[in-house]
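**Student:** Sequence plus the predicted model coming up.
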Amino acid sequence: MSGNQRVLVVGMGVAGIAAAARLRRAGWAPVIVERAAERRTGGYFVALFGAGHAAAERLGILEHLHDRASVLPGVDMDRDGTTRPGMSYADMPGKPWLVLRGDVEQAAFATLPDDVEVRYSTTPTAIEQDAGGVDVTLLDTGTGETVTERFDLVVGADGLRSTVRELAFGKHERYLRRLGYMVAAFGFRGTPPGLAPGQAATLLEPDRSMWVFAFADHDPTILLSYRTDDVDAEFGRTPVESVRAAFGPQPAGSTLGAVLDEMENADALLFDSAEQAHVESWHRGRVVLLGDAAWCVTLFAGMGVSSALMAVDLLGTLLERRPGDLEGVLTEWEDGLRPYIGHYQENAPGDRRIFVVDNRAQIMLRRVIPKLGRTRLGKRLTDRIMRVDDVVKYKTADVVGEIMGRPPREERRVA
Ligand SMILES: Cc1cc2nc3c(=O)[nH]c(=O)nc-3n(C[C@H](O)[C@H](O)[C@H](O)COP(=O)(O)OP(=O)(O)OC[C@H]3O[C@@H](n4cnc5c(N)ncnc54)[C@H](O)[C@@H]3O)c2cc1C
């Protein structure tokens with residue numbers, strides 16, 4: 001790779017791995033640094049909508065993935081075990097693929113050439129750029145040693161609380177917006193009591209919910225979500241204490257009870273507040289943010305993985321099309337993506353109601369939706385409630401294919 005332009009990719013999540021692999025294909029020489037001591041392979045349920053699917057296909061990632069959706073219809077349940085027909089995320093408009101975060105991580109990793117250097121237990125501590133390059137100081141947290149190296153481009157793919165963003169753009173407080181909801185995600189070994197293997201379930205109560213995401217060929221994963229007025233207080237206790245308090249004081253019943261018990265023994269419990277990142281421009285000179293670091297849309301939008309893959313796909317293509325014009329590429333890249341990612345962000349607080357409802361009226365509405373959908377008029381109404389047209393345009397369509405098919409900015413202006 002000597003003679004190629006050097007790119008530092010910070011973060012080895014889905015966004016970082018895919019970016020390194022795609023930029024390598026575009027002729028760059030990537031170095032990946034990851035704060036963790038090893039790959040983070042585990043994970044919770046993620047949906048892959050059409051826009052992400054098309055990007056994954058072009059990136060060579062799709063061939064290493066498969067849809068794990070179960071064919072069993074989902075149920076909606078109460079704590080006392082009463083069940084009625086419910087929904088699975090696979091029923092969402094656009095019929096997304098249901099996979100695990102670790103599936104996409106593994107599939108992206110399979111596309112990463114062996115000659116891409118990966119340094120674990122490494123984090124940037126300073127980023128200085130001039131017209132010709134970026135000097136990045138990297139700390140090896142294992143040995144305590146630091147080294148300063150020069151790169152032609154730095155990609156910050158280091159997640160919601162991005163260090164690259166903090167070093168090159170500014171403090172987290174300036175960019176992060178809390179939605180007022182906490183989430184706990186983890187895997188369930190076996191099948192929760194009251195459910196059949198492969199059966200998805202929702203338990204909806206005002207301001208709190210349990211989702212069981214079921215798969216055809218994998219144990220389910222759980223998502224517990226709840227509203228809070230004080231995110232800091234939620235972080236002030238252990239995750240288990242906070243979640244148990246949020247789902248009390250009523251008796252949990254057998255399914256939710258088993259799920260709460262499982263949380264206490266989960267190998268990898270993700271407990272966090274739902275927060276969006278709003279950054280006015282995703283690139284500054286030779287530093288670009290990508291994925292959750294740039295625009296975290298939150299899990300409520302269901303587009304975190306898809307949007308990261310879309311962004312990588314478009315960036316790689318534009319870098320190939322316009323070598324030597326980094327500023328032009330990054331501007332065109334951001335112009336192309338903004339309307340879509342802006343849409344996911346704007347609608348995420350509304351999409352949140354898919355996961356956690358506000359009141360009993362919304363629960364009742366959820367229960368009648370499947371019945372309404374049986375008549376033509378009712379179907380038109382439910383499509384409106386579910387904003388099906390929006391989903392088709394922004395989530396299901398091959399968004400990047402469409403952006404790439406457009407003439408470049410200058411030609412558009414002339415026309
Ligand atoms: C519960 C849950 C459910 C979700 N459901 C969906 C869904 O249905 N559909 C969907 O599309 N998306 C979903 N998402 C979002 C999705 O997982 C992410 O948007 C997506 O994985 C892209 O993440 P990323 O690679 O940008 O960041 P991350 O996955 O956060 O990866 C960032 C990486 O950077 C590393 N890192 C952090 N700081 C540093 C540092 N200073 N130096 C070096 N490395 C660093 C981290 O260790 C990590 O490996 C969900 C998220 C959650 C939490």
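**Tutor:** All right, it came through fine.
**Student:** mind listing what Thr125 touches?
**Tutor:** Thr125 sits next to 137-139, 146, 167 when contact means Cβ atoms under 8 Å, 6 or more residues apart in numbering. The way it works is simple: take the backbone N, C-alpha and C, and place the C-beta from them, glycine included.
**Student:** hang on, it is in a strand, isn't it?
**Tutor:** Yes - looking at Thr125 with DSSP: H, G, I helix; E, B strand; the rest coil, it is inside a strand.
**Student:** Test my guess that Asp398 contacts Ala54.
**Tutor:** Yes - because the distance of 3.9 Å satisfies Cβ atoms under 8 Å, Asp398 is recorded as touching Ala54.
**Student:** Of the two, give the one with the bigger neighbour count.
**Tutor:** When neighbours are counted by other Cβ atoms under 10 Å, Asp398 and Ala54 differ, and Ala54 comes out ahead with 22 against 18.
**Student:** what about the helices in the stretch 251-400 of the chain?
**Tutor:** 253-265, 292-295, 304-321, 326-355, 360-372, 376-385, 388-390, 399-405 (DSSP state H, counting those that start in this stretch).
**Student:** Please work out which of those is packed deepest.
**Tutor:** Mean neighbours per residue, mean count of other Cβ atoms under 10 Å, is largest over the helices of the stretch 251-400 of the chain for helix 292-295, with a mean of 28.
**Student:** neighbours around the closest residue to Gly304 other than its chain neighbours, how many?
**Tutor:** Beyond its immediate neighbours in the sequence, the residue positioned closest to Gly304 (Cβ to Cβ, 6 or more residues apart in numbering) is Val297, lying 5.8 Å away. Val297 sits with 25 neighbouring residues when counted by other Cβ under 10 Å.
**Student:** repeat for Asp130
**Tutor:** For Asp130, the count of nearby residues is 10 (other Cβ under 10 Å).
**Student:** Any residues of the protein in contact with the ligand? List them.
**Tutor:** Within reach of the ligand by Cβ under 6 Å from any ligand atom, the chain has these residues: 10-16, 33-36, 40, 44, 46-47, 101, 123, 157-159, 163, 183, 185, 223, 270, 291-293, 299, 302-306, 308.
**Student:** Of all residues in the stretch 301-415 of the chain, which one is closest to the ligand?
**Tutor:** Among the residues of the stretch 301-415 of the chain, Gly304 lies closest to the ligand, at 2.1 Å counting by Cβ to the nearest ligand atom.
**Student:** Show me which pair in the contacts of Thr125 is furthest apart.
**Tutor:** Using Cβ to Cβ, the two most remote members of those are Thr146 and Leu167, lying 13.8 Å apart.
**Student:** In terms of neighbours, single out the busier of these two.
**Tutor:** Taking Thr146 and Leu167 together and counting by other Cβ under 10 Å, Leu167 has the greater number of neighbours (19 against 13).
**Student:** before we move on, which element is the more buried one in?
**Tutor:** Of the helices and strands defined by DSSP states H and E, Leu167 is found in helix 163-168.
**Student:** what comes into contact with that helix?
**Tutor:** Identification of contacts with helix 163-168 by Cβ under 8 Å, 6+ apart yields 10-11, 35, 123-127, 129, 154, 156, 158, 172, 175, 277, 279, 284, 287, 289, 293-294.
**Student:** can you give me the mean pLDDT across that helix?
**Tutor:** In this model, helix 163-168 carries a mean pLDDT of 98.
**Student:** cool, stretch 195-204 as well?
**Tutor:** Regarding stretch 195-204, the rounded mean pLDDT is 96.
**Student:** cool, and stretch 276-292?
**Tutor:** If you average the pLDDT over stretch 276-292, you get 98.
**Student:** how far is it from where the chain is centred?
**Tutor:** For stretch 276-292, the separation from the chain centroid amounts to 16 Å (computed by Cα atoms, centre = their mean, to the nearest Å).
**Student:** And it, what's buried?
**Tutor:** Within stretch 276-292, the residues that qualify as buried by neighbour count (16 or more other Cβ atoms under 10 Å) are 276-277, 279, 282-292.
**Student:** Just give me the neighbour total for the closest residue to the ligand within the stretch 1-150 of the chain.
**Tutor:** Distance from the ligand to each residue of the stretch 1-150 of the chain (Cβ to the nearest ligand atom) is smallest for Gly13, at 2.2 Å. In terms of burial, Gly13 registers 25 neighbours under the definition other Cβ under 10 Å.
**Student:** correct me, but it touches Leu160?
**Tutor:** No - applying Cβ under 8 Å, one finds Gly13 not in contact with Leu160, separated by 10.3 Å.
**Student:** and for these two, which residues touch both?
**Tutor:** Taking Cβ under 8 Å, 6+ apart as the contact definition, Gly13 and Leu160 share the neighbouring residues Asp292.
**Student:** What are the buried residues along stretch 58-71?
**Tutor:** Under the neighbour-count criterion of 16+ other Cβ under 10 Å, stretch 58-71 has 58-62, 65, 68-70 buried.
**Student:** ok, now which ones touch the one residue in the stretch 51-200 of the chain that gets nearest to the ligand?
**Tutor:** When scored by Cβ to the nearest ligand atom, the stretch 51-200 of the chain has Gly159 as its residue closest to the ligand, at 2.7 Å. Going by Cβ under 8 Å, 6+ apart, Gly159 touches 11, 13, 291-293, 296.
**Student:** cool, and Met303?
**Tutor:** Contacts of Met303 were listed using Cβ under 8 Å, 6+ apart, and they are 49, 51-52, 297, 344, 395.
**Student:** what does Ala56 give?
**Tutor:** 48, 62, 65, 104, 107, 309.
**Student:** neighbours around Asp152, how many?
**Tutor:** Residues near Asp152, counting by other Cβ under 10 Å, number 16.
**Student:** same deal with the one 10 residues further on?
**Tutor:** Other residues lying near Ser162 total 27 when counted by other Cβ under 10 Å.
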